[in-house]
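> coordinates only, sequence not included:
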């Protein structure tokens, strides 16, 4: 009955959650869980964070929505905060388009690339990438198995191996490429870190050929990897950066930031969103961003990452750890990640499988040392349980 009239686009839920506070989720039976998934890297400040709750409640009593045909003060404030964070990272100011999700933010980036390069419409993306589920962003996603039910896919996307600079350079040399869209740290594809030097060389190749260098930070951005943006690991300066997930700590909100000379290619009517930048969502985003800055989110992620990575690495069944900060993957010795995540759920730990042998860990950046220790214990129990079942079969 829980699914009711909901379309069958997700598996039958093993549990139903009714309450959350901090790192803890509570299901409909009253059982508590440690949330080390954060709704897919969304609730970086934990559930029911007071600053965000208060901001939403206050704004809901003042003004929830107004058309983008008119101004609203909160939207401008949030754009300013995002631009300041990205100015510190890229040393260049930009402008922001607000929307409701990461897919929409990436759609904006794709349109900007075409607008910037009239007559050039092709976009290069990489294998194992994930950029969204609209038709265009799905076509950009480097997971062909997700394309199959919806063929023919939109044209204009060239897929290359993640880390293969020569393949991208060859395509850029045709003069047909409007931009390259890449994740600085792949999340949905299995928590994959690019080879050292690949992204700086890719950025330079885009500069040399007049194509936009666009970085998808939807899951990795806003402190999660131990820096405000994952691209800072190699001191990059992208032309376009897309954000979402943790931007509203659970309130649906996305953003596409572009350097001013790129953003200014859009004219009135070139793009839009009914709900993008509305006051209610912006109030949540403002409170989230201000709180992330106040707690020094990158430092929080780095501190927690050290303890979590070290503890998980010691567990029997874990081959090695992937990722950075609190965007981590435990690579297992066996391709049984789905079984392990279900066992972990039974033990009160929420994680998920992003590859047959990789379990994702994206807890709130505010996670405590005690919660990390308890999560490691519960994950170890899950690994042992699945291993014991395997030895009996």
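Thanks, I have the structure now. Here the structure is a predicted model, which means the values were calculated and not measured. Numbers count the residues shown, from 1 in each chain.

> checking the residue most central in space within the chain next. Helix, strand or coil?
Centroid-nearest residue in the chain: residue 219, 1.2 Å away (criterion: Cα atoms, centre = their mean). Assigned with DSSP: H, G, I helix; E, B strand; the rest coil, residue 219 falls in the coil class.

> with residue 62 instead?
Under three-state DSSP, residue 62 falls in the coil class.

> count of residues packed around it?
10 (other Cβ atoms under 10 Å). Quick note: C-beta positions are derived from backbone N, CA and C, even for glycine.

> how about the nearest residue to it, chain neighbours excluded?
In this structure, residue 62 finds its nearest non-sequential neighbour in residue 279, 7.6 Å apart by Cβ to Cβ, 6 or more residues apart in numbering.

> then residue 298?
Leaving aside its chain neighbours, residue 298 sits nearest to residue 223 (4.6 Å; criterion: Cβ to Cβ, 6+ apart).

> name the element the one you found belongs to?
Using DSSP states H and E, residue 223 sits in no helix or strand.

> residue contacts, it?
Residue 223 sits next to 44, 246, 292, 297-298, 300-301, 325, 365 when contact means Cβ atoms under 8 Å, 6 or more residues apart in numbering.

> make it 6 Å
292, 297-298, 301, 365 (Cβ atoms under 6 Å, 6 or more residues apart in numbering).

> drop anything exposed from those residues.
Buried members of these, scored by 16 or more other Cβ atoms under 10 Å, are 292, 297-298, 301, 365.

> for those residues, which one is nearest residue 107?
Comparing those against residue 107 with Cβ to Cβ picks out residue 292 as the nearest, at 25.1 Å.

> buried residues in the strand or helix carrying the closest one?
Following DSSP H and E, one finds residue 292 within helix 279-294. Neighbour counts over helix 279-294 (16+ other Cβ under 10 Å) mark 279-292 as buried.

> okay, those residues in a markdown table with distance to residue 269 and pLDDT next?
Shown next, in a markdown table, are the buried residues of helix 279-294 (distance: Cβ to Cβ, whole Å; pLDDT from 0 to 100):
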| residue | distance to residue 269 | pLDDT |
| --- | --- | --- |
| 279 | 23 | 98 |
| 280 | 25 | 98 |
| 281 | 22 | 98 |
| 282 | 22 | 98 |
| 283 | 27 | 98 |
| 284 | 28 | 98 |
| 285 | 25 | 98 |
| 286 | 27 | 98 |
| 287 | 32 | 98 |
| 288 | 30 | 98 |
| 289 | 29 | 98 |
| 290 | 33 | 98 |
| 291 | 35 | 98 |
| 292 | 34 | 98 |
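
> which of the residues you listed lies closest to residue 193?
residue 292 (22.9 Å).

> for residue 161, see how far away that closest one is.
Residue 292 is 34 Å from residue 161, where distance means Cβ to Cβ, to the nearest Å.

> helices of the stretch 251-393 of the chain, residue ranges please.
Taking DSSP state H, counting those that start in this stretch as the test, the helices found in the stretch 251-393 of the chain are 260-263, 279-294, 297-313, 337-346, 369-392.

> of those, which approaches residue 321 most closely?
Comparing the helices of the stretch 251-393 of the chain by Cβ to Cβ, helix 297-313 comes nearest, at 5.0 Å.

> and the angle from the closest one to helix 369-392?
30 degrees (axes from the mean of the first three to the mean of the last three Cα atoms, to 10 degrees).

> avg pLDDT for helix 297-313?
For helix 297-313, mean pLDDT is 98.

> got it, and stretch 25-42?
Mean pLDDT, stretch 25-42: 98.

> from the chain's centroid, how far away is the helix or strand encompassing residue 26?
Under the criterion of DSSP H and E, residue 26 resides in strand 24-27. Chain-centre distance of strand 24-27: 22 Å, with Cα atoms, centre = their mean, to the nearest Å.

> what helices or strands is that strand leaning on?
For strand 24-27, the elements it packs on are strand 17-21, strand 32-35, judged by 3 or more Cβ pairs under 6 Å, 6 or more residues apart in numbering; DSSP states H and E.

> hmm, who's touching that strand?
By Cβ under 6 Å, 6+ apart, the residues outside strand 24-27 that reach it are 15, 17, 19, 32-33, 35.

> with stretch 106-116 instead?
If you take Cβ under 6 Å, 6+ apart as the criterion, stretch 106-116 is touched by 97, 121, 131-132, 136-137, 178-179, 212, 214, 240, 242, 256, 258, 262, 265, 271.
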